[in-house]
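Participant: Sequence first, predicted coordinates after that:
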4 protein chains.
Amino acid sequence: MTISFSISDEVAGIARRTAEFVRDVVIPEERACGGSVHDAPEPLRHRLQQAARDAGVFAPHVPREFGGLGLDLRGQAVVFEEAGYSLLGPLAMNCAAPDEGNTHLLHTVATAEQRERYLRPLAAGEVRSCFAMTEPAPGAGSDPRALATTATRVAGGWRIDGRKWFISGADGAAFAICMARTSGTPGDAGGATMFLVDAGTPGMKLVRNLETLDEGLFGGHSELAFDGCLVGDEQVLGEVDAGFAYAQVRLGPARLTHCMRWLGAARRARDIALERAASRSAFGRPLAELGMVQQMLADTEIDIEASRALLWRACWELDQGRPGAQHTSITKTFVSEAVGRIVDRAVQVCGALGISADLPLSRLLREVRPFRIYDGPSETHRWAIARRAVRSFT
Amino acid sequence: MTISFSISDEVAGIARRTAEFVRDVVIPEERACGGSVHDAPEPLRHRLQQAARDAGVFAPHVPREFGGLGLDLRGQAVVFEEAGYSLLGPLAMNCAAPDEGNTHLLHTVATAEQRERYLRPLAAGEVRSCFAMTEPAPGAGSDPRALATTATRVAGGWRIDGRKWFISGADGAAFAICMARTSGTPGDAGGATMFLVDAGTPGMKLVRNLETLDEGLFGGHSELAFDGCLVGDEQVLGEVDAGFAYAQVRLGPARLTHCMRWLGAARRARDIALERAASRSAFGRPLAELGMVQQMLADTEIDIEASRALLWRACWELDQGRPGAQHTSITKTFVSEAVGRIVDRAVQVCGALGISADLPLSRLLREVRPFRIYDGPSETHRWAIARRAVRSFT
Amino acid sequence: MTISFSISDEVAGIARRTAEFVRDVVIPEERACGGSVHDAPEPLRHRLQQAARDAGVFAPHVPREFGGLGLDLRGQAVVFEEAGYSLLGPLAMNCAAPDEGNTHLLHTVATAEQRERYLRPLAAGEVRSCFAMTEPAPGAGSDPRALATTATRVAGGWRIDGRKWFISGADGAAFAICMARTSGTPGDAGGATMFLVDAGTPGMKLVRNLETLDEGLFGGHSELAFDGCLVGDEQVLGEVDAGFAYAQVRLGPARLTHCMRWLGAARRARDIALERAASRSAFGRPLAELGMVQQMLADTEIDIEASRALLWRACWELDQGRPGAQHTSITKTFVSEAVGRIVDRAVQVCGALGISADLPLSRLLREVRPFRIYDGPSETHRWAIARRAVRSFT
Amino acid sequence: MTISFSISDEVAGIARRTAEFVRDVVIPEERACGGSVHDAPEPLRHRLQQAARDAGVFAPHVPREFGGLGLDLRGQAVVFEEAGYSLLGPLAMNCAAPDEGNTHLLHTVATAEQRERYLRPLAAGEVRSCFAMTEPAPGAGSDPRALATTATRVAGGWRIDGRKWFISGADGAAFAICMARTSGTPGDAGGATMFLVDAGTPGMKLVRNLETLDEGLFGGHSELAFDGCLVGDEQVLGEVDAGFAYAQVRLGPARLTHCMRWLGAARRARDIALERAASRSAFGRPLAELGMVQQMLADTEIDIEASRALLWRACWELDQGRPGAQHTSITKTFVSEAVGRIVDRAVQVCGALGISADLPLSRLLREVRPFRIYDGPSETHRWAIARRAVRSFT
């Protein structure tokens, strides 16, 4: 093997079918929900997912034994980029956050029984899930060690107490994967444990749905309260006190799949800008021949190619089973900032039209901004990148 | 006289009263309209304006003969910055766009009768107005010479035909100042003329209210159609064919007053970020002691000071009656980009909280973005700046 | 085949030997020439090249039949990065500009006789060469079609007239590859032809050696005059009037090999900064724990990884024989700017020491700046990138 | 008084004479020293200073009682910008670093006898001086509290021991103002004291002249050793242990005067770029009509105006006797980065010519880079700016 940027025929085929599916089936549905996915109706989700099954593009990341297409991360990189071309695409293909990341986590960590009970219906799109880790200040945010929600041993199980917020998809989820401290104190590494908590479990309550800048995730983001919420031992996901390590199992790939989908969204913005630059004139010349517009268009091409190249590299590292933390951090930081620049430039090229809802650009502008904060803010990643870089010199 | 950054006692007093008024009266009303001004109720506007009168801060820019405080541009720079600290502040003080700019235009160009009929009630906050210049492509946008709306001579007056969009405050305005071509063809400089068109004039129709990224202007932005709209000669504002020159009369100061208000909004974002950086910890230290946070905070201080210094300079040029086009373009370009950076950094410092509607930051993020496009996109201003700079070398 | 970032054992071995060779043999020689390569003595070049042969790392890009290691572009990407770690590395390994690019051009275009006469001794390091294309204004610079040097048919050959500058390595070169117009007029595409002109040919004269910001190329940059310089038909390189196409044959890979070497130089700067950040303290803490320093270090890691990923991608495209112009332009633009940022940050991290000649950083700062201009300025590449991007939308 | 950007007739007159003097007298002398001031011959300095006296522009900052023009900081801002248009201008007018800053320090702190002995000949240009504060790591660099050079009480005076570097103008200086620790230990605030040390005093030795990226200061930068250097009590400048406070007396204005001079240098680069953009064509159009070039030219205009506006503001603060640390830090940070961008863009606009010594741009590129490090690196200033900003919220 040597350096290669070839895409296998199988992956190329799925990507092509995905692009067609998004173009022909998904995008026409966007108007139905005003471009805002977070309060799209459940029937739309079911209809789109059935269409994805029919098109042979459903659940590309899910292992074949659970009904998916079984792609590795590199395959996902190629296909998810096509899916992300519409904010509804990942939802249709059942590869949206947070379900997609939870699928991976469950497949890696869950027991056989847990897989049947939680993973199988999730992979099939029958239910949705959420991942309850982030807490309001001074709890676990950019610093996961600040985890303040506790799980205390009780007879036959655990009692969970604490507060979570920015829990995507919690409203309507069949179960939550809740991260709680089982040893140590906030600020320590200590030990955290993951729990599978079914919707309706007494003591787990949806406090409110947050109003946020972004509205691109089905179900939006919610605040959850755990007040004496009791779960049995069989609801423990993986080992007790191993939660921080599992979080990395989930977050590494999840950061990359976010990048893939946002790269697709950025390409959508880029295409809109290119089309307009090619067709509209100002000062007697097509926009596309004005130097400052060309500079924006070129910088977008550069950002897209660099994003994709970094992404594929990081995916390859993880696919090889190599420690990919540095590549993942670098990729997440670069791509989250690049997609912001790309959408911003597209708006600028389109002028006032880009500000209006006549184009999806201002919607995308709102969607991509939080990605510089979600999944670890750029500052936390840069801190980690620098520390790893300096390590070999100390 | 020499270089001085002193603020006169009178202006300092008005600024201080404005700051108190915004803090004590205006900000508490923000929740009432969800932070979104564009569909705030008319009674709120009246209540706030009465409060501003009571506080002695109403209409700082309006000449004394029309009931205002009569500040020159430098005085406005100091006071409007305080007003802009809340999106509702300029509305309360009757110095919001587009009324504030129209006030200046009418005072400079209108006949005595027109002043009494249009300017007096506008200055008093009894009615609102709009400025109908911008057109959808391929009409007048960043290139004003593309003006496509026409006014044709008819007996005793003019017949206006064309389409306008992004007309701020049109919904509910008592009159529009409409810019239409009276000679030449789109692409020419040719001649444009301004017309005062009363609401309800047959042939002027509000087509739709635009859905836009920003929602900070009372009444929002609308699309207007002029279809055989007849107006009398007495509705001509200024000279026939002198419209492009009058547009500069309006736009020069209007660009600066926009900068003043947005600078105030940016300072609001900055204060929120500073407060949070001072009070919240991560990784065992206050945010305000983390180097990357300090870098963001410092860059914001630099952006604020540079914005203000440029703004004051441009105001001084205009107050001296000197040709201020270069200073105005430079200031508008710098400030529109700086306020975007400032709000963006404030969001980043506040993390997920900054994305939520629990803070006004994500609202501000949406409000400041269009300013890089409205009133001439950065690219058009840079083009003009470069041309003026190179002129003395050719 | 699928996406892969594996490096073959063979290439990895050469890269490892190169890294050791540069560290143990080349870097110790840097002081001898004060870090400035352009007036390094010829015996140093011979001594270093012999050492490279002994180390098995000589001429990695040269086809095996001409005594090299026969690496494709991806292999070169890995090895040249190691070579570039010292400004003397590429010279030692006979893969410095302009000889390296000329080697490729001659191998692709030259006749069998020309290969023996020009390529063989060049590949062996026995002689040096130059590529005489760039002209002072208003001739061929960023716009190659402005080519003003002419070659006129005479009996049995051609007569060349014109002026060239920034001709790297001309001083001491055994021959020049001169590009001259054989049809059309400046500003046309027209036709250009390449000529092999031996040193000492009457009418080719070295006017002066230019004093430039960079001093990293052996022989520096010179200005050449062609005044009635006569060459025979056998001196034509390739077809008459096909010169612009050949220039692309040369420039595409040459842009990438420049990127490879400069990436190595940037890594040198990065290592110096990391070492210092790890060992020096300020304000009571190691530099490497100060947030603003960490931000610089992290941005450098991101720039390096993105540069390498883009570079490998572009090399793969060319190795596949696919049209790589867009990837080459994107890579050249990104990498030339990234290496500038990397070295600049390294200087900043090292403070006053970085400004002094006690470290090689200020030397590197001077060397990398021109790369944003040489081989096509960023603006020209962005213009080309935008045009290609917009093409599919017109 | 109110906000004003007027320049008094007196200052305007000196500025105009300065501009003419630099254009007609100073710039023609630049070639004589190859653009590199640091090893310009002493007779050139004397000749230029005599010419400045003849032109009535000598020593604009020096109080009238010591033979200067007695300008306040705002006046200096206007005049030094004109002086800085040539690297030789400040030398000619005796307002170059470090003498200019030392003049101010001596005038503020020295005794009457010290003024006669040190200030008078310095102000007259008869002698030169240096300021010996910065130390190699781990001594006083960006963190002044790391001061390691000590002064120990001995009978009748002090004994100084330590090492200094980057001491500008030390080679040939008639005296040094040496900062040494007289209480506390490195890392403490503790107490420092300033000493006037005459050239030739035993124990003060010039170790070497540093080779640096910049070569724009007469005498360059040197490394000094103090080994048992004895000075009398009358050589103490100001109070014992008050040195850190005096350093701020010197550094605040000195940072601003650096900004003034570099702004002039940046304007020189800008003029060269504008002239070339106006006169040279590429791709069939004047450079000045290419959008990407216009963007660079416009950004430079913005940077110049923002730099000047910030600078005048900071000068006004200091002229009012107000605490100007925040304004000084903001101005130094912004201007040092802006002048770097301005010169960099000028090089880019001029292409290869900008890299060659045929224009002074590559020289200026080398000169402005260190200013982001000298006088406090940007990072230290940003740290201080953020701390001051956050203070009112804690």
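Facilitator: Received it, and whenever you're ready, just let me know what you need. Numbering: from 1, shown residues only, chains lettered A, B, ... in the order given.

Participant: Residue ranges of each domain in chain A, please.
Facilitator: A:9-96, A:129-241, A:245-391 (automatic domain parsing).

Participant: Let's have the ones you listed in TSV, adding distance to chain D, mean neighbour count and mean pLDDT.
Facilitator: Heads up, the C-betas are built off the backbone N, CA and C, glycines and all. Formatted as TSV, the domains of chain A follow (distance: least, CB to the nearest CB, whole Å; neighbours: other CB atoms under 10 Å in any protein chain shown; pLDDT from 0 to 100):
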stretch	distance to chain D	mean neighbour count	mean pLDDT
domain A:9-96	29	20	96
domain A:129-241	16	20	95
domain A:245-391	2	23	96
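
Participant: Across the sheet, point out what pairs with A:Val197.
Facilitator: A:Ala176 (DSSP bridges).

Participant: what residues are up against it?
Facilitator: With contacts defined as CB atoms under 8 Å, 6 or more residues apart in numbering or on different chains, the neighbours of A:Val197 are A:Ala132, A:Ile160, A:Phe175, A:Ala176, A:Ile177, A:Cys178, A:Met204, A:Cys229, A:Val231, A:Gln235.

Participant: which residues in the stretch 1-150 of chain A form strands?
Facilitator: Assigned by DSSP state E, counting those that start in this stretch, the strands in the stretch 1-150 of chain A fall at A:129-132, A:150-154.

Participant: Is the helix or strand harbouring A:Phe166 positioned near chain B?
Facilitator: Assigned by DSSP states H and E, A:Phe166 belongs to strand A:157-168. Yes: Strand A:157-168 is in contact with chain B by CB under 8 Å from any CB of the partner chain, via A:Trp165, A:Phe166.

Participant: Give the pairing partners of that strand; include direction for each.
Facilitator: strand A:150-154 (antiparallel), strand A:221-232 (antiparallel).

Participant: any idea how far that strand is from the chain center?
Facilitator: Centroid separation for strand A:157-168 versus its chain: 20 Å, with CA atoms, centre = their mean, to the nearest Å.

Participant: Also stretch A:318-332?
Facilitator: Distance, centroid of stretch A:318-332 to centroid of chain: 16 Å (CA atoms, centre = their mean).

Participant: Also stretch A:152-166?
Facilitator: 26 Å.

Participant: Can I get it in PDB, CA atoms only?
Facilitator: Listed next in PDB are the C-alpha coordinates belonging to stretch A:152-166 (Å, rounded to 0.1, in the frame of the first residue of the first chain):
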ATOM      1  CA  THR A 152     -24.500   6.600  43.600                       C
ATOM      2  CA  ARG A 153     -24.700   2.900  44.400                       C
ATOM      3  CA  VAL A 154     -28.000   1.700  45.600                       C
ATOM      4  CA  ALA A 155     -29.300  -1.800  46.100                       C
ATOM      5  CA  GLY A 156     -29.400  -3.500  42.600                       C
ATOM      6  CA  GLY A 157     -28.400  -0.500  40.800                       C
ATOM      7  CA  TRP A 158     -27.600   3.300  40.800                       C
ATOM      8  CA  ARG A 159     -29.200   6.500  41.600                       C
ATOM      9  CA  ILE A 160     -28.500   9.400  39.200                       C
ATOM     10  CA  ASP A 161     -28.600  13.100  40.300                       C
ATOM     11  CA  GLY A 162     -27.700  16.100  38.300                       C
ATOM     12  CA  ARG A 163     -28.400  18.400  35.400                       C
ATOM     13  CA  LYS A 164     -27.600  18.200  31.700                       C
ATOM     14  CA  TRP A 165     -28.100  20.600  28.900                       C
ATOM     15  CA  PHE A 166     -27.600  21.000  25.200                       C
END
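
Participant: Identify the residues contacting that stretch?
Facilitator: A:132-136, A:139, A:148-151, A:178, A:180, A:182, A:193, A:195, A:197, A:203-204, A:207, A:210, A:221-233, A:235-236, A:374, B:352, B:356.

Participant: mind listing what the residue in the stretch 51-200 of chain A that chain C sits nearest to touches?
Facilitator: Across the stretch 51-200 of chain A, the shortest distance to chain C (CB to the nearest CB) belongs to A:Arg74, at 4.6 Å. For A:Arg74, the contact set (CB under 8 Å, 6+ apart) comprises A:Val11, A:Trp312, A:Cys315, A:Trp316, A:Asp319, C:Thr2, C:Ile3.

Participant: Show me what the strand or helix carrying the second one is packed against.
Facilitator: It refers to A:Trp312. A:Trp312 belongs to helix A:291-319 when elements are defined using DSSP H and E. The contact analysis (3 or more CB pairs under 8 Å, 6 or more residues apart in numbering or on different chains; DSSP states H and E) places helix A:291-319 against helix A:73-83, helix A:243-279, helix A:325-350, helix B:378-391, helix C:291-319, helix C:325-350, helix C:378-391, helix D:291-319.
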